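[1] Show me the folded form of this:
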Amino acid sequence: MHTIQRVGALDVIVRPSPVAMVWNEPGRPHDALAAPGIRLSPGEALVEVELATICPSDVRTVHGEQPAHTPLVLGHEQVGRVVAVGEGARRADGVPLELGDRVVWSVTVSCGECDRCTRGLPQQCRHLAKYGHERVHRGWELSGGFATHVQLRVGTEIVRVSEDVPSRVLAPASCATATAVAALDAASARLDLAGALVLVTGAGLVGLTVAAMAVEAGAEVIVSDPDAARRAFARGIGAVTVDPAARSTSTERLDTILAAFEQRGFPEVLVAVEASGAPSAVRTAIGSLGAGGVAVLVGSAPPGSEVCLDPESLLRRLVTVSAVHDYTGAQLRRAVGFLERSWRRVPFDELVGATHPLAHLDEALAEAATGQYVRVGVAPGRRPV
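    Predicted structure coming up:
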């Protein structure tokens, strides 16, 4: 790799050239795009990707189920190492970024100055850009995690991570883990999690992470999901599980579980985190809440989905309904802290299935679409494992 310092910018020439996988439209394989020269503005950095994981939203995009600005480089869950640093580039904690730092970074790029940023909503910035979501354009070709390198722009929250934590644990931090932190923040703003009965609907990575964090906080946790393997994982981290498709005689019915908790001194659900996006699960989450309870909607529902609610029931129960989309830099830092202290106790690495080389990205996405694994890995230069 060669670098040439210019006034106010840093030209970086990488050999072999960085490669990004570009998606154009449903049914068409990804195209490889080489970017031999990268110009870093002050505050920017170039990161070599160690591992990326496939989020369900990536799968929905390639299937045409959600809108996208094409052509684009997908991928927003990844961990990597800094290989070039623009003047003044800093981590989220204010420490100067250094060559060799192992890092994760926010999915969002925020200006930090607009009314939303100053109100504490950088994830809704007026000038928002998002890794893995932006149309490829000259000067920012390396804009998504499905690439050998990613160019980190000013306004990105960059968090240094431990060398000891496996990449399979760290890669989802910038999506699932940080979103789980934001979801529980929304609940704990009104209720203390310690000693509360918490219902989590949906045992994808967000839901399972919410469950693990709630258990750590001292809550009693119920996880509802139709997948037996995901329910087994939830039980392994200390949750009680519900099968939403269970027959009336099953011990995994929600009403049966709630009755058992009532006998133990937990008369009602105080927090419900909906992490599946299914309208039926939204109704279950809100409908299960007791007096003063909080429902946090975090699952990504299809556009146009509707759920019928009874306003009188919400009023009489004093229920709060909150919604979470993305997160703040502080929440990303706490997500990393959670993973670094819990990964030996909670085997998040087991939720990542096969890891495919970048050139086999289309096969990896097809595997992710089967739902066999909670996540599928993509690693530049790696052979399938």
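[2] neighbours around residue 352, how many?
    When counting by other CB atoms under 10 Å, one arrives at 22 neighbours for residue 352. Placement of C-beta: from N, CA and C, glycine included.
[3] What separation do you get for it and residue 372?
    Per CB to CB, to the nearest Å, residue 352 is found 12 Å from residue 372.
[4] Tell me the first helix or strand C-terminal of the lowest-mean-pLDDT helix or strand in the chain.
    Least confident helix or strand, the chain: strand 2-6 with a mean of 53, by mean pLDDT, DSSP states H and E. Using DSSP states H and E, the helix or strand that follows strand 2-6 in sequence is strand 9-13.
[5] For that following strand, which helices and strands make contact with it?
    strand 2-6, strand 37-40, strand 78-85 (3 or more CB pairs under 8 Å, 6 or more residues apart in numbering; DSSP states H and E).
[6] How about the longest one, which residues are buried there?
    Within strand 78-85, the residues that qualify as buried are 78, 79, 80, 82, 83, 84, 85, counting by 16 or more other CB atoms under 10 Å.
[7] Show me what it packs onto, helices and strands only.
    If contacts are counted by 3+ CB pairs under 8 Å, 6+ apart, strand 78-85 sits against strand 9-13, strand 37-40, strand 45-53, strand 102-109, strand 149-152.
[8] And these: which comes nearest residue 312?
    The closest of these to residue 312 is strand 102-109. By CB to CB, the value is 37.7 Å.
[9] wait, doesn't residue 191 sit right on residue 269?
    No - Residue 191 is not in contact with residue 269 according to CB atoms under 8 Å; the separation is 10.9 Å.
[10] follow-up on the earlier one: need the helices and strands packed on strand 78-85 in a markdown table (columns: distance to residue 242).
    Below are the helices and strands packed on strand 78-85 laid out as a markdown table (distance: least, CB to CB, whole Å):
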| stretch | distance to residue 242 |
| --- | --- |
| strand 9-13 | 51 |
| strand 37-40 | 49 |
| strand 45-53 | 27 |
| strand 102-109 | 30 |
| strand 149-152 | 39 |
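[11] I'd like the domain boundaries of the chain, if you could list them.
    2-166+343-379, 179-323 (automatic domain parsing).
[12] Put the alpha carbons of stretch 44-57 into CSV.
    Extracted C-alpha coordinates of stretch 44-57, given in CSV (Å, rounded to 0.1, in the frame of the first residue of the first chain):
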residue,chain,number,x,y,z
GLU,A,44,-11.6,9.8,7.3
ALA,A,45,-10.1,6.3,7.5
LEU,A,46,-9.7,3.2,5.4
VAL,A,47,-10.4,-0.1,7.1
GLU,A,48,-9.6,-3.6,5.8
VAL,A,49,-12.6,-5.9,6.4
GLU,A,50,-11.9,-8.9,8.6
LEU,A,51,-15.4,-10.4,8.6
ALA,A,52,-18.9,-9.2,7.6
THR,A,53,-22.2,-10.8,8.5
ILE,A,54,-25.4,-10.8,6.5
CYS,A,55,-28.3,-9.0,8.1
PRO,A,56,-31.8,-10.1,7.2
SER,A,57,-32.3,-6.6,5.7
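[13] Check the average confidence over it, would you?
    In this model, stretch 44-57 has an average pLDDT of 97.
[14] quick one on the thing from earlier: would you list the helices and strands packed on strand 78-85 in a markdown table and tack on mean neighbour count and distance to residue 341?
    Formatted as a markdown table, those follow (neighbours: other CB atoms under 10 Å; distance: least, CB to CB, whole Å):
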| stretch | mean neighbour count | distance to residue 341 |
| --- | --- | --- |
| strand 9-13 | 17 | 35 |
| strand 37-40 | 18 | 33 |
| strand 45-53 | 26 | 20 |
| strand 102-109 | 24 | 16 |
| strand 149-152 | 27 | 25 |
